[in-house]
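Student: Okay, sequence plus prediction incoming.
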Amino acid sequence: MERKPHIILSSLDLERIEALLDKQPGSFAGREALEAELDRADVLDPQEMPANVVTMNSTVRCTLLESGKSNTLTLVYPRDMDGSADKVSVFAPVGIALLGLSVGDEFCMASPTGQVTVRVDGIDFQPESAGELHR
């Protein structure tokens, strides 16, 4: 079994995601994966969150290692999805995988062409380090 990177969540993000899951009827494709990530995460108060950790509403630079293609994505709640290519829902596989990772972490995921490896290269914006604890 592949070892997953260590993840850290803010208590506020955890509460909000669990509330969304409670309201979500039935199952969706990534529900079990998301719940497993929430269960294994270390949880910190928002003001204790290291600046190099992906939290909700963080803007993250990442690279697909196989192609060298870089992307900048913002991890959002489902209600904030507006169809723009640079937003990813925490309920989507990429969003589930990004949540709680630190700069330098990598994760593998399925793609139409097989497995891809994604590396977190940097965080351009994180609400906690910007002092926006209630976003």
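Tutor: Perfect, thanks for sending it.
Student: ranges for the helices of the protein?
Tutor: Taking DSSP state H, the helices of the chain run over residues 11-23, 31-40, 93-98.
Student: Can you say which of those helices is nearest to residue 116?
Tutor: Smallest distance to residue 116 across those (Cβ to Cβ): 10.0 Å, for helix 93-98. (C-beta placed from N, C-alpha, C; glycine too.)
Student: Select, out of the helices of the chain, the one closest to residue 65.
Tutor: Evaluated with Cβ to Cβ, those place helix 93-98 nearest to residue 65, the distance being 13.8 Å.
Student: what's the residue closest to the geometric middle of the protein?
Tutor: Centre of the chain computed as the mean C-alpha position; nearest residue by Cα atoms, centre = their mean is residue 99, 2.3 Å away.
Student: about what we covered before: what's the most buried one of the helices of the chain?
Tutor: With neighbours defined by mean count of other Cβ atoms under 10 Å, none of the helices of the chain is more surrounded on average than helix 93-98, at a mean of 22.
Student: Extract the C-alpha set from it and format it as CSV.
Tutor: Only the C-alpha atoms of helix 93-98 are listed here, as CSV (Å, rounded to 0.1, in the frame of the first residue of the first chain):
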residue,chain,number,x,y,z
PRO,A,93,-10.3,13.8,-6.2
VAL,A,94,-7.6,16.5,-6.7
GLY,A,95,-9.1,18.6,-3.9
ILE,A,96,-9.3,15.7,-1.5
ALA,A,97,-5.7,14.9,-2.3
LEU,A,98,-4.4,18.5,-1.9
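Student: Please name whichever of the helices of the chain is nearest to residue 4.
Tutor: When those are compared by Cβ to Cβ, helix 31-40 sits nearest residue 4, at 7.5 Å.
Student: Convert the C-alpha atoms of the closest one to PDB, please.
Tutor: What follows is the C-alpha trace of helix 31-40 in PDB, where atoms were taken according to Å, rounded to 0.1, in the frame of the first residue of the first chain:
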ATOM      1  CA  ARG A  31     -16.800  10.600   0.000                       C
ATOM      2  CA  GLU A  32     -15.000   7.700   1.500                       C
ATOM      3  CA  ALA A  33     -11.600   9.000   0.500                       C
ATOM      4  CA  LEU A  34     -12.400  12.500   2.000                       C
ATOM      5  CA  GLU A  35     -13.700  11.000   5.200                       C
ATOM      6  CA  ALA A  36     -10.500   8.800   5.500                       C
ATOM      7  CA  GLU A  37      -8.400  11.900   5.000                       C
ATOM      8  CA  LEU A  38     -10.300  13.800   7.700                       C
ATOM      9  CA  ASP A  39      -9.900  10.900  10.100                       C
ATOM     10  CA  ARG A  40      -6.100  10.600   9.600                       C
END
